[in-house]
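Colleague: Just to be clear, the model below is a prediction. Sequence and coordinates:
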Amino acid sequence: MKHLWLAILLLAAGCSDNSNDTAQSTNDVESANASATSQIESLLATRNSAISNWEKNLSRHGEGSLVFSIDVQKALNSTSPILFKAHLQDVFQSKEGFTKRVENIHILAAGESMHFVYPTNETATTYAEFKQSYKHPGLATQTDFELELCVELSDEQVQKLLNAKDIISDEYAIVVKVSRVMSLETDDDYPTLYIDGTCVDFSFLK
């Protein structure tokens, strides 16, 4: 009987060690991924003289440390390109530009009909649409604010985006020359801002 109990204890100890090893291995992988992501962001920011970590210094108001749209608009009002980390939503062509496209979406949502007539010699521009939700630094479950970026792409950038075959994640580090920041009314309890600009550089985050 003593031998049986000894065997059970040794087996339990072995299982505990394996569980600890697995947890440690998972932590190591997450740490390595975070380090790789940070290096990619740092490289893009340095290579393009871009502003990074801009959201860390946003002004906050009241007991809930709220961020208002004006705080984000001021932070993104820069002549220098800005680095964002965001998820790809769509790639599309448009002759009307991003600002008009957002206005039209809201018109259609209200049930109004539209008919577009474009000049025959007008060419469409290709855009990529990205989205990112920023969490409250003190409350991980609470969204601070949300950004929707629509950036104009060069032909080379379009091909790079569409021809990628080995994308593990749809999250990107993207450097944008911001031309406009708009705040539009939504049903959410946090600000949503729409960024219009030109893509300077980007990289997949895997």
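Modeller: Good, I have the coordinates. Keep in mind that this is a model prediction, so the values were computed, not measured. Residues are numbered from 1 along each chain as shown.

Colleague: and after the helix-or-strand element of the chain with minimal mean pLDDT, which helix or strand comes next?
Modeller: Lowest by mean pLDDT, DSSP states H and E among the helices and strands of the chain is helix 97-109, with a mean of 52. On the C-terminal side of helix 97-109, the nearest following helix or strand under DSSP states H and E is strand 125-136.

Colleague: Need phi/psi at R60.
Modeller: phi -130, psi 150 (degrees, to the nearest 10).

Colleague: now do the one 5 residues further on
Modeller: Main-chain torsions, S65, degrees, to the nearest 10: phi 50, psi 50.

Colleague: what's around it, how many residues?
Modeller: Residues within reach of S65, counting by other C-beta atoms under 10 Å, total 14. All C-beta atoms are positioned from the backbone trio N, CA, C, and that covers glycine.

Colleague: Kindly report the same for G62.
Modeller: Neighbour tally, G62, other C-beta under 10 Å: 7.

Colleague: Tell me, what's the model's pLDDT at it?
Modeller: pLDDT recorded at G62 is 86.

Colleague: Likewise for the one 5 residues further on?
Modeller: Model confidence at V67, expressed as pLDDT, equals 90.

Colleague: Same check on T37?
Modeller: Note on T37: pLDDT of 83.

Colleague: before we move on, what about I70?
Modeller: Reported pLDDT for I70: 94.

Colleague: Show me where this structure dips below the pLDDT cut-off.
Modeller: 1-33, 96-122, 165-169, 206 (pLDDT under 70).
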